[in-house]
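Undergrad: Need the 3D shape of this:
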Amino acid sequence: MDIRALTPDYAVSPQIDLSDLPAIKAAGFTTVIDNRPDGEIPPRLHTAAMRSAAEALGLVFVANPVIGGALTMDNVTAQEAAIAAATGPVFAYCASGNRCSIVWALANAGKRPTDELVGLPARFGYQLEHLRPQIEALARSRG
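TA: Sure thing, here's the model as predicted:
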């Protein structure tokens, strides 16, 4: 498992295993967001299995599958709602952590400076510069 903290309260990771959940809990995370569609992963890591294991540990589990290249505003608002409802740090995972970074950046448009929304993920190799116009437009629309 490779935890990449974008902020003190939000971290992303490539795909995790069921056996990683106790360490995620021990690291202080309270919410786990699965940004990976079941169709991309083996059945043992599907949403239902991950949810069951996470909830058995007392973690809040949110499924918000983001299809690569087909991100929707529903994905952004679901991520934003899950982060807002969290009672502590949030851990999000997908195939590489990139989709988790993108939905985080878009969910935070207008709440954090665009340079930060692009720059924090870049420390981990997630290149979001191409999303700068979308982040800024979304920030303006939120007024």
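Undergrad: Touching the helix of greatest length in the chain from outside, list them.
TA: For the chain, the helix reaching the highest residue count under DSSP state H is reported as helix 73-85. Outside helix 73-85, the residues within contact range by C-beta atoms under 8 Å, 6 or more residues apart in numbering are 9-10, 31, 33, 35, 60, 62, 64-66, 90, 92, 103-104, 106-108. In this view, the C-beta of every residue, glycine as well, is placed from N, C-alpha and C.
Undergrad: Given the helix or strand immediately after that helix in the chain, what are its sheet partners and their directions?
TA: Following the chain from helix 73-85 toward its C-terminal end, the next helix or strand by DSSP states H and E is strand 90-93. Under the criterion DSSP bridges, strand 90-93 sits next to strand 10-13 (parallel), strand 31-34 (parallel) in its sheet.
Undergrad: okay if I get these as CSV plus mean neighbour count, distance to residue 115 and mean pLDDT?
TA: Formatted as CSV, the strands paired with strand 90-93 follow (neighbours: other C-beta atoms under 10 Å; distance: least, C-beta to C-beta, whole Å; pLDDT from 0 to 100):
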stretch, mean neighbour count, distance to residue 115, mean pLDDT
strand 10-13, 24, 17, 98
strand 31-34, 26, 24, 98
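Undergrad: So which of those is nearest residue 134?
TA: strand 10-13 (18.7 Å; C-beta to C-beta).
Undergrad: Pass me the low-pLDDT residue ranges in this protein, would you?
TA: Along the chain, segments meeting pLDDT under 70 are nowhere present.
Undergrad: As a check, name the ranges of all helices in it.
TA: Under DSSP H, the chain gives helices at 21-26, 47-56, 73-85, 98-107, 114-122, 132-142.
Undergrad: Please identify the deepest-packed of these.
TA: Mean neighbour count, computed with mean count of other C-beta atoms under 10 Å, is highest for helix 98-107 among the helices of the chain, reaching a mean of 26.
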